[in-house]
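>>> Have a look at this fold, sequence not included:
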């Protein structure tokens, strides 16, 4: 400690007697920045049944963090990694109005456009921008007809003497997984090329103190992005060093906590320490999903050197299992209870009540769980997928049906089923379509869609059809137990998203024999459950 003090005095004396020119003066004051961030809200404006997360409690926490940071002389910025839409019926039925207005009341400065911001027609997104008092950013989405940026690409903020540039970026997978009917006029360009060019322009025009990429691209450890589009790690590695100070991300919906260089911390739980990733001098951060956490990063800026002082993922009323003295486990809060902000809670309660009223009431029941978890429907055949497909087949009189695993967004628990349960499974309002295939053409189509790998939204779920694939070739195709006849006509059910090319499926909506109905996937499933309850899950078990 004595050495540090003497060294500080020595530096002070040098500063007093030096004849250093103003242009290279070392007397710039030390500045501080606190970055608060969330991502992948997915309609969770309201807390869950256990009181976890929710925007009202998040506001209490953020208000406290913001006040604490400002009391220490920090600049503060609040950012979102996108995907505000889609996930909870009370929000979906109201086009995420409570979520965007709630974020405005929370004081967000900016958000990245996520792929789920395109689940609705563009006119809905335009309305959401009006509800938001902050910009929805994406620099790599362009209008095909004009070649211009389709959305605001960046924003420069002045905060407590700091100039902070925030560049928005959206996963290029949106072109594949978004609804072609809503995004056909848009081009999703390579984020690395766009960022490299834009960062230079921003540097020349504004000379910001800090440059942030606010992304919805996903964090893939050591850049192992598999069949996904490249994400934040690839972006950081591909840019010249010092292009970006940090990447605040979303999309992969995980807490970015590392145990070592390029090694994920698989033991992270709410309340534990979290070290963010760092690639090519760029910090990479992501706060899991749903507002479960608020990420808080504190930085010190000395001249042009930005140093991370502290990073915390702060849980918002999350529960964890704690081992008791007798060896049993008990759910306890991971942190001290955060009381919801009463004003925001009252504001959001109106929307919660309105949404709940639209989906109240029992529509049927099932005797065992119908499996719809993301970790299952993108890897293996499930009973819920077969219930869904049977419902869609019934709606159009099909011989068999298909659906991509990524189109199933939730499971259904054993017991009574409500319309809310159905809407959690099917939040997208896709219409049921069908096509009457000539057997030979059907075989060609199946050769493509049966090839999609596991661990992808495109992974094929199917019903009343069976097949083999050997050495990359399709063979032994059976429909309703009978071998495919290439001269016979078969009716196939499919939702409008996959039919128009969503998830990389071949577009069939312009082919002869294609018909699109007005029945939505949620309506078809609701009708099937109502008419066939109690449903026996075992009857739909994959064989």
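Structure received. Please read these numbers as outputs of a predicted model, since none were measured by experiment. Residues are numbered from 1 along each chain as shown.
>>> quick one, strands of the stretch 101-250 of the chain?
Applying DSSP state E, counting those that start in this stretch to the stretch 101-250 of the chain gives strands spanning 110-112, 136-137, 141-143, 154-159, 162-170, 186-188, 210-216, 246-248.
>>> what would these look like in JSON lines with distance to residue 372?
The C-beta positions use only the backbone N, C-alpha and C, and glycine is treated the same way. Converted to JSON lines, the strands of the stretch 101-250 of the chain look like this (distance: least, C-beta to C-beta, whole Å):
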{"stretch": "strand 110-112", "distance to residue 372": "27"}
{"stretch": "strand 136-137", "distance to residue 372": "30"}
{"stretch": "strand 141-143", "distance to residue 372": "30"}
{"stretch": "strand 154-159", "distance to residue 372": "38"}
{"stretch": "strand 162-170", "distance to residue 372": "26"}
{"stretch": "strand 186-188", "distance to residue 372": "28"}
{"stretch": "strand 210-216", "distance to residue 372": "23"}
{"stretch": "strand 246-248", "distance to residue 372": "30"}
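>>> Is it possible to get CSV of the ones you listed that adds mean pLDDT, distance to residue 293 and mean neighbour count?
Shown next, in CSV, are those (pLDDT from 0 to 100; distance: least, C-beta to C-beta, whole Å; neighbours: other C-beta atoms under 10 Å):
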stretch, mean pLDDT, distance to residue 293, mean neighbour count
strand 110-112, 98, 16, 29
strand 136-137, 98, 22, 24
strand 141-143, 98, 27, 19
strand 154-159, 98, 22, 17
strand 162-170, 98, 20, 25
strand 186-188, 97, 28, 19
strand 210-216, 98, 17, 28
strand 246-248, 98, 13, 28
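>>> how about these, which one is nearest residue 375?
In terms of C-beta to C-beta, the element of the strands of the stretch 101-250 of the chain nearest to residue 375 is strand 210-216, at 21.0 Å.
>>> Ok, which of the strands of the stretch 101-250 of the chain comes nearest residue 339?
Comparing the strands of the stretch 101-250 of the chain by C-beta to C-beta, strand 110-112 comes nearest, at 25.7 Å.
>>> and the closest one, what does it pack onto?
strand 75-80, strand 136-137, strand 162-170, strand 210-216 (3 or more C-beta pairs under 8 Å, 6 or more residues apart in numbering; DSSP states H and E).
>>> Let me know the pLDDT of residue 226.
You'll see residue 226 listed with a pLDDT of 85.
>>> okay, now it: neighbour count?
8 (other C-beta atoms under 10 Å).
>>> Residue 454 is in contact with that one, correct?
No. Residue 226 is beyond contact range of residue 454, at 10.5 Å (criterion: C-beta atoms under 8 Å).
>>> if we can go back for a sec, tabulate the helices and strands packed on strand 110-112 (CSV), appending distance to residue 527.
Output for the helices and strands packed on strand 110-112, formatted as CSV (distance: least, C-beta to C-beta, whole Å):
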stretch, distance to residue 527
strand 75-80, 37
strand 136-137, 36
strand 162-170, 36
strand 210-216, 35
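>>> Which among these is found nearest to residue 529?
Nearest of those (C-beta to C-beta): strand 210-216, 33.6 Å.
>>> now the angle from that closest one to strand 75-80?
Relative orientation of strand 210-216 and strand 75-80, computed by axes from the mean of the first three to the mean of the last three C-alpha atoms, to 10 degrees: 20 degrees.
>>> and strand 210-216, what does it pack onto?
strand 75-80, strand 110-112, strand 162-170, helix 191-206, helix 232-238, strand 246-248.
>>> now stretch 466-486: how far from the chain's centre is it?
Stretch 466-486 has its C-alpha centroid displaced from the chain centroid by 36 Å (C-alpha atoms, centre = their mean, to the nearest Å).
>>> rewinding a little: closest to residue 357 out of the helices and strands packed on strand 110-112?
strand 75-80 (28.4 Å).
>>> Partner strands of that closest one and their direction?
Sheet partners assigned to strand 75-80 using DSSP bridges are listed as strand 31-38 (parallel), strand 110-112 (parallel).
>>> Mind listing residues that contact the helix or strand following the first one?
Translated: strand 31-38. Downstream of strand 31-38, the next assigned helix or strand under DSSP states H and E is helix 55-71. Residues outside helix 55-71 that contact it (C-beta atoms under 8 Å, 6 or more residues apart in numbering) are 32, 34, 36, 38, 44-47, 76, 78, 99, 102-103, 105-107, 160, 291, 294, 296, 298, 314, 316-317, 338-342, 344-345, 348.
>>> And for stretch 253-271?
Contacts of stretch 253-271 (C-beta under 8 Å, 6+ apart): 39-40, 219, 221-222, 249, 274-277, 284-289, 292-293, 313, 315, 318-320, 334-335.
>>> Over to stretch 139-154?
Taking C-beta under 8 Å, 6+ apart as the rule, stretch 139-154 contacts 113, 135-138, 165-170, 172, 174, 185-191, 194-195, 198, 202.
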